[in-house]
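Student: turn this into a model:
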Amino acid sequence: MTGAPDVSTRTATSDDLAVVVELVRTAVEEKRQQKGGEMWARRERRPDPRAPELLAALEDPDREVVVGEIDGVVVGYGLVHTEVLDDGGVLGVVNDIYVDPGARSVGVGEAMMEHLLAWCRDKGCFGVDSLALPGDRATKNFFESFGLVARAIVVHRPLAT
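Tutor: Take a look at the predicted model:
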């Protein structure tokens, strides 16, 4: 009889770069297929992920890259950074949180989110923002389970060219 999988998180290291780059690519393609995903891919996503950019994030004290593991195998990643606002307050911004579809529903995403929230608290953040695409009920529900709620709605209309 097998028990529940061993879910854990840790700060990513340079040894994780190859798997995180691949997870980023997979996450972008998954999100691109959702309502609003093409515009998100054009405006909000980072450029094509490359190891040097992720390595810079690992070395930046104002960013945290977390990996989520099942039984010691990396199956997810998250990325958060701090943003100092005009009033001097520090906001945490979760840019990415993604779990391989085959590893979902066992608590990896939740463990990574707790890791990112703890990092934000340690950095003195007064709050945390992230983004969920319209119609992505699973992501919306995930964030709401951590107390994140919509505070703005971005609307868009494509124009014929």
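Student: CA atoms for contacts and neighbours, from now on please.
Tutor: Noted.
Student: give me the buried positions along the strand ranked longest in the chain.
Tutor: Across the chain, the longest stretch assigned as strand under DSSP state E is strand 73-84. Buried residues in strand 73-84, counted by 16 or more other Cα atoms under 10 Å: V74, V75, G76, Y77, G78, L79, V80, H81, T82, E83.
Student: ok, stretch 125-143 next?
Tutor: So stretch 125-143, judged by 16+ other Cα under 10 Å, has buried residues C125, V128, L131, A132, L133, T139, K140, F143.
Student: quick check: the third one vs A56, distance?
Tutor: So that's L131. Per Cα to Cα, to the nearest Å, L131 is found 23 Å from A56.
Student: what of the first one?
Tutor: When Cα to Cα is applied, the distance between C125 and A56 equals 21 Å.
Student: quick one on the thing from earlier: okay, now the sheet partners of the longest strand of the chain, with direction.
Tutor: Looking at strand 73-84 with DSSP bridges, its partner strands are strand 63-70 (antiparallel), strand 90-99 (antiparallel).
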